[in-house]
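Visitor: coordinates only, sequence not included:
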């Protein structure tokens, strides 16, 4: 009898813990601006954190997304990232940003995934064919849409998309 209770309790705990670790935990601080100085930082999430008293507005600022990227390459597109390496204030926030420029006659953004993040796409100019594939739970359905200037499309967390 005790063995049965133990097994049931163990199974419930194991089942519940899979949900507990499905997403990154809430941050313990307001922000953790990345710093490369290992002497004066605290190590969090793969990067050292700048002393919060030394954080300034420019740690959360990046000015370069107004520049067109060079699309003269084999895939006809170029990605300009704003990850923690370019924008130190993004560290531990669970968000990033990219600008994708496509060649006038078409380009490719290869199918990819973001295991820990949802992507929101905004079309600033032109027309774009986008889509994602749902998980096995949903029979791997393909969702596609043709977007035009001003349209927004959301790619759910972890879904393969293009």
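Guide: Thanks, I have it. Note that the structure is predicted; figures quoted are calculated from it, not measured. Residues are numbered from 1 along each chain as shown.

Visitor: quote the end-to-end distance of stretch 96-115.
Guide: Chord length of stretch 96-115, first to last residue, is 13 Å (CA to CA, to the nearest Å).

Visitor: revised request: answer the last question for stretch 51-64.
Guide: The first residue of stretch 51-64 is 26 Å away from its last residue (CA to CA).

Visitor: what segments of this structure are helices?
Guide: Secondary structure of the chain (DSSP state H): helices at 2-20.

Visitor: check contacts around the residue nearest to the spatial centre of the chain.
Guide: For the chain, the residue nearest the mean C-alpha position is residue 117 (3.8 Å; CA atoms, centre = their mean). By CB atoms under 8 Å, 6 or more residues apart in numbering, the residues touching residue 117 are 94-96, 157. C-beta: built from backbone N, CA, C; applies to glycine.

Visitor: low-confidence ranges in the protein?
Guide: Scanning the chain for pLDDT under 70 picks out the ranges 1-28, 40-45.

Visitor: ok so, going back, need phi/psi at the residue nearest to the centre of the chain.
Guide: Per-residue torsions, residue 117: phi -150, psi 140 (degrees, to the nearest 10).

Visitor: out of the contacts of residue 117, which comes closest to residue 78?
Guide: residue 96 (16.5 Å; CB to CB).

Visitor: so how far is residue 121 from the nearest residue to that closest one once chain neighbours are set aside?
Guide: Leaving aside its chain neighbours, residue 96 sits nearest to residue 83 (4.9 Å; criterion: CB to CB, 6 or more residues apart in numbering). Distance, residue 83 to residue 121, using CB to CB, to the nearest Å: 17 Å.
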